[in-house]
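# Any chance you can model this:
(2 chains)
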Amino acid sequence: MFERCSKSWRAQRSEPGGGADGDDSLYPIAVLIDELRNEDVQLRLNSIKKLSTIALALGVERTRTELLPFLTDTIYDEDEVLLALAEQLGNFTMLVGGPEYVHCLLPPLESLATVEETVVRDKAVESLRKISQEHSPVDLEVHFEPLVKRLASGDWFTSRTSACGLFSVCYPRVSSTVKAEIRQHFRTLCSDDTPMVRRAAASKLGEFAKVLELDYVKSDIISLFTALASDEQDSVRLLAVEACVSIATLLPQEDLETLVMPTLRQAAEDKSWRVRYMVADKFSELQKAVGPEITKNDLVPAFQNLLKDCEAEVRAAAANKVKEFCENLPEDSREQIIMTHILPCVKELVSDTNQHVKSALASVIMGLSTILGKDNTVEHLLPLFLAQLKDECPEVRLNIISNLDCVNEVIGIRQLSQSLLPAIVELAEDAKWRVRLAIIEYMPLLAGQLGVEFFDEKLNTLCMAWLIDHVYAIREAATCNLMKLVEKFGAEWAQNTIVPKVLGMANDPNYLHRMTTLFCINALSEACGQEITTKQMLPVVLKMSNDQVANVRFNVAKSLQKIGPVLDSNALQTEVKPVLEKLATDTDMDVKYFAQEAISVLALA
Amino acid sequence: METTKLPPSSPSSPTTGFSVPSAEKVDGFPRRSMRRARQRRSHSSSQFRYQSSQVELTPLPLLKDAPVAELHDLFCKKLQQCCVLFDFLDCVADLKGKEIKRAALNELVESVATSRGVLIEPLYPEAIKMISVNIFRTLPPSENPEFDPEEDEPTLEASWPHLQLVYEFFLRFLESPDFQPSMAKRYVDQKFVLQLLELFDSEDPREREYLKTILHRVYGKLLGLRAYIRKQINNIFLRFIYETEHFNGVAELLEILGSIINGFALPLKSEHKQFLVRVLIPLHTAKSLSIFHAQLAYCVVQFMEKDATVTEYIIRGLLKYWPKTCTQKEVMFLGEIEEILDVIEPSQFIRVQEPLFKQIAACISSPHFQVAERALYFWNNEYILSLIEENCQVILPLVFATLYRVSKEHWNQTIVSLIYNVLKTFMEMNSKLFDDLTASYKVEKQKCV
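The predicted model follows:
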């Protein structure tokens, strides 16, 4: 049927004035439709992506009666095409005639929700969730809910998995009889034979709980939660931990102890490290959901255990949460809990055998200083920071350095500077260029906190040394670093400390270093302003136009183009223009090219 | 390619996991040096909490010295003694206890293997309990999050000195002539089998090897568990394909299945066909295909030999999942296709020849010479050649243009000469058709110019 319609358009087109509104515009549509059947996947894909154009041209009625049935038949296509189709159909409501007809989109999406490939299925479910909102309550019961039921009782696990994601979107808007059916279906899927389906159900448990009436949360959800949390497969149990957060949020405080806590306690001690990892990973959310009293009595010991877990994965996940957990402790007992229960575990983690654990801790430990205040920081935390600054693993040291701002606020960075310097110097000279690169990125931050004097005295030489690093990425980052420093310390500082050194490199025998001068000028001219640029930088650049290495010469042309806007027109006309004109006649074609480009960009022709 | 540690596998939370350490955020390259550092500790164990080792083991009398009347009692005591677990990560901890347990296990193995009449009913629950306590454990997180089974050394199980003997005992137990399935089935139940299957994810190849043999015996002797075992293997594969892409024991499980398929009754049940179409064929999409491809191809061919009517499903399935960018996988697919064609029935061949030879033509024109070469080798296979000859009228037009073009264009001389041989073969098969195609190809080419 559809074949005919695409042909008929072409026929129409050949008759002059055949249709009423724009036959010519229909021809490309016919081509698109032909492409939907093309052997080449890429062409089919392109066409699917323009599906809304096709539908718009066809009009709502033909879209419903011809295009959608045709698309429903294409469901045997490549996964890529199906994915694009599933996505398109989610935005099709207006194209089939608005909410009144939105249920026409259900058949193709239903088939897409049963395919094997997970990404396609997930996208189909996403689109179904989207269009469910556009159904009227009546249509929801007549068309949408039966679809959910069909999926929920499908033969193959794929359709049942998809169904899990659809209960929560239709539940709030259907009658109580249908609601009861939906609850029953969900319950069935929670004890499905296939672990894939149970996992899908477990991952939607929290979401479903949120739309249920509180009584049903207590009667239905809790028993499902308990069952899933003691499933035989750890992959199911760990998903129940996620649901635990939503469920605990929904219940009144007095029910938590009996309905949720036994399960949560069991999860925190699960024999599978994956489940314990999940508890550690969700710890802040759990803490907020269960409230301060349960936190004090239950979560503090649980957290201690996780910090001491036998698997490094779990310890690292818990270490990541140390700051957040401490921050959210009830204020009246916060300090006492941290000092007596948490800090001893933290101290042990500083010398953990696993570098991921230490590095996770290093990324948050500085945050404790704001919570504990000046005295405790100096007495208890500072030794830990210092120990981590000397850690054998560069990542740990970097994480400490990158979080210095927290400590700065509490005790001032000077307390650390004695230890900081050797750590920075060592990282700055690390054999791995990626480590050097990472420390460069923190230089502007450090400079801001340590102040200009400390910087000039201790760090300036490092920053200049990076400019002649043998790795290009480091030289590039060092250049950018200089720019940020100038932005921080001002043009005058630049003129006195940096610019002379940078310009001095213009006479270096290594052409790579001479080029670094040019790159620095590119980066610094704007921050340094017109005067420094014209008086100090420009002469050097112009002089380098006679360099014997062509790479330097064409970089001169590029630099002139870059700093041109900072210069006044006099300098441009009298100094820059002659040099560029000379470079434009260079023997090297690249030099010529960039010189001509600069001339035209600076409008000097 | 971030070096994120494997998070607990969960379909809904792909973002949870180790935060990427800041030094690695700099760029996406895993840092070899760091991985080296971690590989130093290549032993791992995973008993969550060791029982307090306060339980001092005292050596019991030897089984062989025991009077017959006390033999079973002593056997039982030794089984109970072997339920004590030891910490092998600390290699000097409780050496005496470890030695006592090792000796006891050795004796148990020896006794089950050699003496008759030892396995009496009351020993079954004790034996299974000892096995369960020792082998069932949550496997530890991988030491190396980007573990590549082809490149990296696997992490070995630290407690292997004991574990191996436990597995050996289990195996001898199952293989003993005294073994009574009717008694064992009360203890080797579904839950037991499920835990056994989960162990196939072990990174230690020695452990997987034992598991493979043991599961095979269980499947052979405990008939009531067969359907359940197949279903759970299905689930493991589906999870591997669609959720995690990670499971160390795929090859071993396929090897077991290879021998199971052989025993399927005819006509094939729909459960088995579904397994082929919805599990075995999609397994070809896995990234780590190379690790289990041989076993997978064997299973596929077993199915075909069992029931020729599944041929079309198989070939169309492979064509659907044909690798688009990975040439290494393409070569594997071509290898599998050759294995299939080796045993294909001529009537089935006719049903798939068109799409199949379109794909083969595409492979011949691959710029990767190994792909082109592998495809052209089909013409060295006498059976395939005979199939091609019978269907020359259909196949030659499908591949002719490609052969002609590639013979003029390919950069690799080996490919060019292989193509000449193929063209020559075709010319001898049907010179009339060959001349017609040559003529029309030239006309076509002329038109383009």
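# How about residues contacting whichever strand or helix holds residue A:68?
Applying DSSP states H and E as the criterion places residue A:68 in helix A:68-73. For helix A:68-73, the external contacting residues (C-beta atoms under 8 Å, 6 or more residues apart in numbering or on different chains) are A:1-2, A:36, A:85, A:89, A:96, A:104-105, A:107-108, A:111. (Glycine included, C-beta is placed from N, CA and C.)
# ChimeraX command to pick out the buried ones of those?
Buried residues within the contacts of helix A:68-73, by 16 or more other C-beta atoms under 10 Å in any protein chain shown, are selected in ChimeraX with:
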select /A:2,36,85,89,96,104,105,107,108,111
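# Keep only those of the contacts of helix A:68-73 that are in strands.
Using DSSP state E, no member of the contacts of helix A:68-73 falls in strands.
# want to try JSON lines for the contacts of helix A:68-73, with distance to chain B and pLDDT as columns?
As requested, the contacts of helix A:68-73 are exported to JSON lines (distance: C-beta to the nearest C-beta, whole Å; pLDDT from 0 to 100):
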{"residue": "A:1", "distance to chain B": "26", "pLDDT": "39"}
{"residue": "A:2", "distance to chain B": "24", "pLDDT": "44"}
{"residue": "A:36", "distance to chain B": "19", "pLDDT": "76"}
{"residue": "A:85", "distance to chain B": "17", "pLDDT": "88"}
{"residue": "A:89", "distance to chain B": "22", "pLDDT": "90"}
{"residue": "A:96", "distance to chain B": "30", "pLDDT": "85"}
{"residue": "A:104", "distance to chain B": "29", "pLDDT": "87"}
{"residue": "A:105", "distance to chain B": "25", "pLDDT": "90"}
{"residue": "A:107", "distance to chain B": "23", "pLDDT": "90"}
{"residue": "A:108", "distance to chain B": "20", "pLDDT": "90"}
{"residue": "A:111", "distance to chain B": "16", "pLDDT": "90"}
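# Which pair of the contacts of helix A:68-73 spans the longest distance?
A:1 and A:89 (19.9 Å; C-beta to C-beta).
# which residues of the chain score low on pLDDT?
The chain I'm using is chain A. A:1-29, A:74-76, A:413-415 (pLDDT under 70).
# not what I meant, chain B
B:1-55, B:145-146, B:449.
# Leaving out chain neighbours, which residue sits closest to residue B:367?
residue B:411 (7.4 Å; C-beta to C-beta, 6 or more residues apart in numbering or on different chains).
# Surely that neighbour is in contact with residue B:372?
No - using C-beta atoms under 8 Å, residue B:411 is not in contact with residue B:372, being 10.3 Å away.
# So those two - more neighbours on which side?
residue B:372 (24 against 8; other C-beta atoms under 10 Å in any protein chain shown).
# so how many other residues sit close to the nearest residue to residue B:66 once chain neighbours are set aside?
Nearest residue to residue B:66, sequence neighbours excluded (C-beta to C-beta, 6+ apart): residue B:74, at 4.8 Å. Per other C-beta under 10 Å, the neighbour tally for residue B:74 reads 18.
# Could you double-check that residue B:74 sits in contact with residue B:59?
No - at 11.9 Å, residue B:74 does not count as touching residue B:59 under the criterion of C-beta under 8 Å.
# hey, where'd the strands end up in chain B?
B:43-44, B:156-157.
# ok, back up a step: any idea how far chain A is from the residue nearest to residue B:367?
Per C-beta to the nearest C-beta, to the nearest Å, residue B:411 is found 25 Å from chain A.
# quick one: that residue and residue B:325, what's the gap?
20 Å (C-beta to C-beta, to the nearest Å).
# what's the answer for residue B:110, then?
55 Å.
# Which ones among the contacts of helix A:68-73 map onto helices?
A:2, A:85, A:89, A:107-108, A:111 (DSSP state H).
# Report how many residues lie close to residue B:249.
26.
# Name the nearest residue to it, sequence neighbours excluded.
residue B:200 (2.9 Å).
# Hmm, that neighbour is touching residue B:252, no?
Yes - counting by C-beta under 8 Å, residue B:252 is a contact partner of residue B:200 at 5.9 Å.
# List the contacts of the residue in the stretch 251-400 of chain B that chain A sits nearest to.
Of all residues in the stretch 251-400 of chain B, residue B:282 sits closest to chain A, at 6.3 Å by C-beta to the nearest C-beta. Going by C-beta under 8 Å, 6+ apart, residue B:282 touches A:116, B:241, B:317, B:321.
# how about the residues you listed, which pair is most distant?
B:241 and B:317 (13.0 Å).
# so how far is the helix holding residue A:68 from its chain's centroid?
For helix A:68-73, the distance from its own C-alpha centre to the chain's C-alpha centre is 36 Å (C-alpha atoms, centre = their mean, to the nearest Å).
# ok, now stretch B:232-242?
Distance, centroid of stretch B:232-242 to centroid of chain: 12 Å (C-alpha atoms, centre = their mean).
# Residues contacting that stretch, please?
Applying C-beta under 8 Å, 6+ apart, the set of residues contacting stretch B:232-242 is A:116-118, A:157, A:194-196, A:235, B:193-194, B:197, B:200, B:246-247, B:250, B:253, B:256-257, B:275, B:279, B:282-283, B:285-286.
# what would the contacts of residue B:282 look like in TSV with neighbour count and distance to residue A:421?
TSV is the format used below for these (neighbours: other C-beta atoms under 10 Å in any protein chain shown; distance: C-beta to C-beta, whole Å):
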residue	neighbour count	distance to residue A:421
A:116	18	59
B:241	21	54
B:317	19	64
B:321	17	58
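# Return the member of these nearest to residue A:54.
Taking C-beta to C-beta as the measure, residue A:54 lies nearest residue A:116 of these, at 27.0 Å.
# I'd guessed the closest one sits against residue B:278; true?
Yes - counting by C-beta under 8 Å, residue B:278 is a contact partner of residue A:116 at 6.9 Å.
# contacting residues for residue B:71?
B:63, B:118.
# separation between it and chain A?
As judged by C-beta to the nearest C-beta, residue B:71 and chain A stand 35 Å apart.
# Kindly report the same for residue B:435.
In terms of C-beta to the nearest C-beta, residue B:435 sits 28 Å off from chain A.
# which ones are touching the residue nearest to residue B:249?
B:208, B:211, B:215, B:236, B:247-249, B:252-253.
# Apply 6 Å and report the result again.
Residues near residue B:200 by C-beta atoms under 6 Å, 6 or more residues apart in numbering or on different chains: B:211, B:249, B:252.
# Take the residues you listed and lay them out in a markdown table including distance to residue B:386.
A markdown table is the format used below for those (distance: C-beta to C-beta, whole Å):
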| residue | distance to residue B:386 |
| --- | --- |
| B:211 | 43 |
| B:249 | 40 |
| B:252 | 37 |
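# ok, of the residues you listed, which one's closest to residue A:303?
residue B:249 (34.9 Å).
# Surely that closest one and residue B:209 touch.
No - applying C-beta atoms under 6 Å, one finds residue B:249 not in contact with residue B:209, separated by 10.1 Å.
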